[in-house]
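Colleague: Here is the input, now give the coordinates:
(one chain, ligands or ions: 2)
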Amino acid sequence: MSEQANAETDSVHTARGPEVASRVGIALGTALLICFVTGLISHGIQHPPSWFWWPANPVWLYRVTQGTHVISGVTAIPLLLVKLWAVYPRLFERPLLGSPMRALERGSIAVLVGSTIFELSTGLLNIAQYYPWKFFFPTAHYAMAYAALGALAVHLAVKLPVIREALGRPVNSNAGLADADIMATRHVSRRAILTAAGVSAAAAALAVAGQTVPFLRWAAVLAPRSGHGPQGVPVNRSAAAAGVGDRARDPGYLLTVAVGERRRQFSRDELLALPQARARLPIACVEGWSASADWSGVRLRDLLAVVESYSGGDVRFESLEGGGIYRNSVLPQRHVVDDRTLIALSVNGETLDLDHGYPCRLIAPNRPGVLQTKWLSTIEVVT
Ligand SMILES: Nc1nc2c(c(=O)[nH]1)N[C@H]1C(S)=C(S)[C@@H](COP(=O)(O)O)O[C@H]1N2
Ligand SMILES: [Mo]
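Modeller: Ligands and ions are numbered 1, 2, ... in the order given. Okay, the predicted model is just below:
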């Protein structure tokens, strides 16, 4: 092998190591932490413990937190790949376990790598709505997040001295190398790796950001539902997929509203005859895409008041769907009393499309899309 080829092989080898690993690690750790926190928020809204509090204002907050969740997760994928590349030979160093401290370090890395790969890959497949597995995605994705965060904390604590030392050295430090030529090639190489990591992370972020940031829509190659759909709003589950077409189109359709002991039924025309209100609110899907629209219909408060005076409590929504895990939802009192919470009958100036929830749907401010129940059959105050 020529001397030059030797130097080049060395440069690739020496670009691996703590200088690159710690710098990429900081970016990766930050992305994972943001992803974890925004994921907890989304989980909290969907499964609120008694202490949990999520406001109705500003209406775009969930859109931002969930968009951030998906963008940070996708950004973490190239960072994880570069990070694994930078430490790759060391992952298999012998002894595999050794002293208790080393066993802890190795164990935490195994859990960290495994759980992070699990989180990022299941998350990515979920935004593509592809479920090649048997477990229930939200539960598994939520549980594994704690494993990843715990392992990340242990990993950081154990590696802190190494990280500090590596960060203290400039990227192009020449520690341990005498040959000036090898050094020169190596410097370029480490920088190049870090630049490549940054560029690919930015490209990944851009590829999904368009599904929630309107002016980036052109770049959203990784965004399956970014602005297409009837009436300018993407559709997650169509009426056909939900199997509600016939019941939703039935001219005898009635919406049941129950407040306390009182119960009343409304035809769509009766709903249209009630005072109509408007609100500009986004549908913000847990998958990260979001879109704002002008909704109009009956204010939920007003509708409840027609039945019986509402004295507080959460409200439960049932859909015409026979099955499906998203056929119902519960709306906290804070959102029930909000002026912008509507039983929507139209969107963007047109009668609600069948796929957007005709005859009527719930639309409330600052809520995950999954809780904006379509094809309503029953609305009931629960306490
Ligand atoms: N009944 C019912 N409502 C539903 C769903 C569903 O599967 N069934 N999907 C929800 C999800 S996940 C989202 S993101 C929004 C999307 O509303 P859109 O299809 O009108 O954009 O509807 C929500 N409402
Ligand atoms: Mo959704």
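
Colleague: quick one: the residue of the chain found nearest ligand 1 and ligand 2, what's the gap?
Modeller: Nearest to ligand 1 in the chain, going by CB to the nearest ligand atom, is Gly369, at a distance of 2.6 Å. (Each C-beta comes from the backbone N, C-alpha and C, glycine too.) Gly369 sits 4 Å away from ligand 2, going by CB to the ion, to the nearest Å.

Colleague: Same check on Ile34?
Modeller: Taken as CB to the ion, the span from Ile34 to ligand 2 is 21 Å.

Colleague: Was I right to think that residue contacts Ser72?
Modeller: Yes - using CB atoms under 8 Å as the test, Ile34 is close enough to Ser72 to be in contact (4.3 Å).

Colleague: coming back round to it: just list the residues touching the residue of the chain closest to ligand 1, thanks.
Modeller: Gly369 sits next to 236, 283-286, 290 when contact means CB atoms under 8 Å, 6 or more residues apart in numbering.

Colleague: would you turn those residues into TSV with neighbour count and distance to Ala305?
Modeller: Listed next are the contacts of Gly369 as TSV, based on neighbours: other CB atoms under 10 Å; distance: CB to CB, whole Å:
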residue	neighbour count	distance to Ala305
Asn236	20	31
Ile283	24	26
Ala284	28	28
Cys285	24	31
Val286	22	32
Ser290	24	31
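
Colleague: just these that are near ligand 1?
Modeller: 236, 283, 285 (CB under 6 Å from any ligand atom).

Colleague: how about the last one, phi and psi?
Modeller: Think Cys285. phi -70, psi 150 (degrees, to the nearest 10).

Colleague: re earlier: for the ones next to ligand 1 among the contacts of Gly369, which one is nearest Glu318?
Modeller: When those are compared for distance to Glu318 (CB to CB), Asn236 wins out at 18.2 Å.

Colleague: Give me the three-state assignment for the closest one.
Modeller: The local conformation at Asn236, judged by DSSP: H, G, I helix; E, B strand; the rest coil, is coil.

Colleague: again, but for Glu318
Modeller: Quick answer, by three-state DSSP: Glu318 is strand.

Colleague: can you redo the ones next to ligand 1 among the contacts of Gly369 as TSV with distance to Leu156?
Modeller: Listed next are the ones next to ligand 1 among the contacts of Gly369 as TSV, based on distance: CB to CB, whole Å:
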residue	distance to Leu156
Asn236	37
Ile283	38
Cys285	32
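
Colleague: Let me know the pLDDT of Arg16.
Modeller: According to the prediction, Arg16 has pLDDT 86.

Colleague: Mind checking the pLDDT average for the one helix or strand Gln66 maps to?
Modeller: Using DSSP states H and E, Gln66 maps to helix 61-91. The pLDDT scores in helix 61-91 average 95.

Colleague: buried stuff in that helix?
Modeller: If you call a residue buried by 16 or more other CB atoms under 10 Å, then helix 61-91 has these buried ones: 61-80, 82-87.

Colleague: re the thing from before, which one among the ones next to ligand 1 among the contacts of Gly369 gets closest to ligand 2?
Modeller: Cys285 (3.4 Å; CB to the ion).

Colleague: What does the pLDDT read for the closest one?
Modeller: For Cys285, pLDDT reads 94.

Colleague: so what's it up against?
Modeller: Contacts of Cys285 (CB under 8 Å, 6+ apart): 66, 225, 234, 236, 368-370.

Colleague: domain assignment for the protein?
Modeller: Domain assignment of the chain by automatic domain parsing yields the ranges 3-219, 239-382.

Colleague: nearest spatial neighbour of His141, skipping sequence neighbours?
Modeller: Thr122 (5.5 Å; CB to CB, 6 or more residues apart in numbering).

Colleague: Number of residues surrounding the one you found?
Modeller: Using other CB atoms under 10 Å, Thr122 has 17 other residues around it.

Colleague: what angle do the one helix or strand it maps to and helix 61-91 make?
Modeller: Using DSSP H and E, Thr122 sits in helix 100-127. If you take axes from the mean of the first three to the mean of the last three CA atoms, to 10 degrees, helix 100-127 sits at 140 degrees to helix 61-91.

Colleague: quick revisit: restrict the ones next to ligand 1 among the contacts of Gly369 to those that also contact ligand 2, please.
Modeller: Restricting the ones next to ligand 1 among the contacts of Gly369 to those touching ligand 2 (CB under 5 Å from the ion) yields 236, 285.
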